[in-house]
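>>> this is a predicted model, with the sequence first.
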Amino acid sequence: MVTLKEVFNQRKQEKIKTKQRNAKKNYKNKTLDVPKGLYEQCPNCNSTVNMKEILQNHFKCKYCNEHFRVRAIDRLDMTLDKNTFVEKGLGFITLNPLFQDGYDEKIKQYQTKTNLDEAYVYGYGEIEGHPAVIGVMDSYFLMGSMGSVVGEKVAKSFEYAIYKKLPIIIFTASGGARMQEGIFSLMQMAKTSSLVAKHSNEGLLYISVLTHPTTGGVTASFASLGDITLAEPNALIGFAGPRVIKQTINQELPEGFQTSEFLRDKGFVDKVVDRQVLRHTLGRLLRFHRGHL
Amino acid sequence: MDVLQKLKKLEDLNNKVNELDDDTLIQKLKTEIEEYKQTSLTQLTAWDRVLLARHKERPHALEFIEYMTSDFLELKGDRLYKDDASIIGGIGNINGEIVTIIALQKGYDTDDNIKRNFAMPHPEGYRKAKRLMDQAEKFNRPIITLIDTPGAYPGLGAEERGQGEAIAQNLRAMSEYTVPIISVVIGEGGSGGALALGVANKILMLENAVYSILSPEGYASILWKDAKRAKEAAEVMKLTSFDLKELKIIDMIIQEPIGGAHFDKHRTLINTKEAILTTLSDLKVYSKNKLKTNRHQKYRNIGFFQRFNYDNLGGIKR
């Protein structure tokens, strides 16, 4: 007779195997399924850029240095040392607390499209030999919005960093709180912020890297609370979206409003860092704080 | 027929009573009014409650403060930029207990509303709140926040001065205080703008108040691309006090008189004060550390998901 425990274990193993298979597939297909076609049009300068060049150039336009949106897996790939990433916090299942029509299907659709469970990935990694917990939001997954699972995973990543006494680096890319999960999404803001405080109380370093786009509930919680806040050039960063502001004040927004450079000049970002040197900058910062690991 | 039309009808009936002379007829009409109240005003939809929460005559924060405290002293300014009139902060005495009160205040008329910016704070408002709450922490005073706002103000100046950062700092600070914090949602609780004053040990809510991630109009326009479906949105958003109590987001519902808080303001104020006092005495039992960890735990546990734990197997190497 098979005990319940055995069945449970078997199922666990099966799930892990499929996960591993998926992860491998994901890794191999990386260069194939991001770029559809050989050429991409740059949204900033409208020039046509060869996809190969984009990949070699850290997902930037070679003419105007526009930073394209990057998927979580590519971000990990270009930030971390080779073969150091260990993903944590797997097995979360997104539910539909408000019984919103079509939400379950939408999630499933994005899961197959992006090969991710949810809009946030975290785990252990090393940058230029320095260990850290690294979290990445994926804006291709429902605009990287923060629902219950994303909030929980962000919280878990901080808890993991506290447990391992490691610094944490989070790349944010999000449209804000996830509307479909209503009040639960809103409360994730309080949850993540309180964990930033807990992590900070342990004397550990938190670097927040703002990438395009970071708005809404994510800006108003953990993204703004880093000990050091970096940003990628020309990224949209703000609390309210440009459309909402335009509606409220009933006039055109000034040029360059809510970009990273704007925020830097207003004093909310420490440094705007080009993607080419981002890895090195993070490595340097981790080295400076080595005594606090 | 939504609740505003019902209230209008009730008003008409009341006017009729005043016009009549015949005692028996008056008596008859009065019982009719009572019956009408009982049958039609006790069964409210979520949209009705949204309308009631936004009602012009609904008591605003200042009325609550005036009734609850015997000598309230308002303190102004964030020491960084300017004073934001949409948030009122100060120290008061509730039945012998000295507390810090932070409240979002809506205006009574157009001029007042412009001054108060329709209770939509700028970053300086949140920074003022944080400054006053830091003081409460220093002098070991309980904090009471009264929430009534459509949301944080989306404008040029607000973005320039870091609306997101101001809210985030408040969320972080409020999770760290060691004094009791009680939040009361007295009207609208809209999005991060409300949450920035709502990280509390206990969240109380007036019966007809609403608390949501954004306005039903915004929800409908984002998800269904049609702001006119706000009524429908209100029904699915679970924003009423009863829904939120069921989801264990809030801790207590404060009863309102039939027909909304403005029908019998005095009753509403009495109920609110009573609820705050009992909650306050409940929280006084706990030690400082316990208050902090309780609050932390309360928010740590909020979330709606399932999990199958792979972590103990060491993760997956990519």
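Everything's here; your move.
>>> how about the helices in the stretch 101-250 of chain A?
A:103-114, A:148-164, A:183-201, A:216-219, A:242-249 (DSSP state H, counting those that start in this stretch).
>>> can you confirm whether the shortest one lies near chain B?
Same thing as helix A:216-219. Yes: Helix A:216-219 comes into contact with chain B when judged by Cβ under 8 Å from any Cβ of the partner chain, the residues involved being A:Gly216, A:Gly217, A:Thr219. In this view, the C-beta of every residue, glycine as well, is placed from N, C-alpha and C.
>>> need the CA coordinates for that helix. PDB is fine.
Output in PDB follows, covering the C-alpha atoms of helix A:216-219 (Å, rounded to 0.1, in the frame of the first residue of the first chain):
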ATOM      1  CA  GLY A 216       2.100  53.400  -8.400                       C
ATOM      2  CA  GLY A 217       2.200  51.200  -5.400                       C
ATOM      3  CA  VAL A 218       5.700  49.900  -6.000                       C
ATOM      4  CA  THR A 219       7.200  53.400  -6.000                       C
END
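>>> what's the burial count for B:Thr42?
Using other Cβ atoms under 10 Å in any protein chain shown, B:Thr42 has 9 other residues around it.
>>> lowest average pLDDT across the helices of the stretch 101-250 of chain A?
Across the helices of the stretch 101-250 of chain A, the stretch with the lowest average pLDDT is helix A:242-249; it has a mean of 86.
>>> which helices and strands sit right next to the next helix or strand after it?
Along the chain past helix A:242-249, the next helix or strand (assigned with DSSP states H and E) turns out to be helix A:260-266. Under the contact criterion of 3 or more Cβ pairs under 8 Å, 6 or more residues apart in numbering or on different chains; DSSP states H and E, the helices and strands touching helix A:260-266 comprise strand A:228-231, strand A:271-272.
>>> closest to B:Phe308 out of those strands?
Among the helices and strands packed on helix A:260-266, strand A:228-231 comes nearest to B:Phe308, with 34.3 Å by Cβ to Cβ.
>>> distance from the chain centre to that closest one, please.
Offset of strand A:228-231 from its chain centre (Cα atoms, centre = their mean, to the nearest Å): 14 Å.
>>> ok, now stretch B:230-237?
On the basis of Cα atoms, centre = their mean, stretch B:230-237 is displaced by 19 Å from the centre of the chain it belongs to.
>>> now check that stretch, is it near chain A?
Yes: contact between stretch B:230-237 and chain A, assessed by Cβ under 8 Å from any Cβ, occurs at B:Val236, B:Met237.
>>> so what's A:Phe212 up against?
In this structure residue A:212 is His, not Phe. Counting by Cβ atoms under 8 Å, 6 or more residues apart in numbering or on different chains, A:His212 makes contact with A:His67, A:Arg69, A:Ser139, A:Ala173, A:Glu232, A:Asn234, A:Ala235, A:Leu236.
>>> I'd like the distance between it and A:Ser260.
Look at A:His212 and A:Ser260: by Cβ to Cβ, to the nearest Å, they are 8 Å apart.
>>> pLDDT below threshold where in the chain?
Going with chain A. Across chain A, the stretches falling below the confidence threshold (pLDDT under 70) are A:1-4, A:22-37, A:291-293.
>>> sorry, I should have been clearer: chain B.
For chain B, applying pLDDT under 70 flags the ranges B:309-318.
>>> sorry, back to before: for the helices and strands packed on helix A:260-266, which one sits closest to B:Leu195?
Distances from B:Leu195 to each of the helices and strands packed on helix A:260-266 were compared using Cβ to Cβ; the minimum, 21.2 Å, belongs to strand A:228-231.
>>> by contact count, what packs against the closest one?
Under the contact criterion of 3+ Cβ pairs under 8 Å, 6+ apart, the helices and strands touching strand A:228-231 comprise strand A:206-214, helix A:260-266, strand A:271-272, helix A:275-288.
>>> what's the neighbour count on A:Gln109?
A:Gln109 - counted by other Cβ under 10 Å - has 12 other residues nearby.
>>> on that earlier part again, deepest of the helices of the stretch 101-250 of chain A, which one?
The highest mean neighbour count among those belongs to helix A:216-219 (a mean of 31), with neighbours defined as mean count of other Cβ atoms under 10 Å in any protein chain shown.
>>> name the helices or strands packed onto that helix?
Here helix A:216-219 is seen to pack against strand A:168-174, helix A:183-201, helix B:163-174, helix B:191-195 when contacts are counted using 3+ Cβ pairs under 8 Å, 6+ apart.
>>> what angle separates the first one from strand A:206-214?
If I follow you right, that is strand A:168-174. If you take axes from the mean of the first three to the mean of the last three Cα atoms, to 10 degrees, strand A:168-174 sits at 10 degrees to strand A:206-214.
>>> counting by contacts, list what strand A:168-174 packs against.
On a contact count with 3+ Cβ pairs under 8 Å, 6+ apart, strand A:168-174 meets strand A:130-137, helix A:148-164, strand A:206-214, helix A:216-219.
>>> distance of the residue lying closest to A:His67 once chain neighbours are set aside from chain B?
What sits nearest to A:His67 in space, not counting adjacent residues and going by Cβ to Cβ, 6 or more residues apart in numbering or on different chains, is A:Glu232, at 5.1 Å. With distances defined as Cβ to the nearest Cβ, to the nearest Å, the gap from A:Glu232 to chain B amounts to 17 Å.
>>> these two touch, right, A:Glu232 and A:Ser208?
No: in terms of Cβ atoms under 8 Å, A:Glu232 does not count as a neighbour of A:Ser208; the distance is 12.0 Å.
>>> ok so, going back, would CSV of the residues of helix A:216-219 next to chain B with distance to A:Ile16 be doable?
Compiled in CSV, these are given as follows (distance: Cβ to Cβ, whole Å):
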residue, distance to A:Ile16
A:Gly216, 34
A:Gly217, 32
A:Thr219, 35
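>>> of those, closest to chain B?
Using Cβ to the nearest Cβ, A:Thr219 comes nearest to chain B of those, at 3.5 Å.
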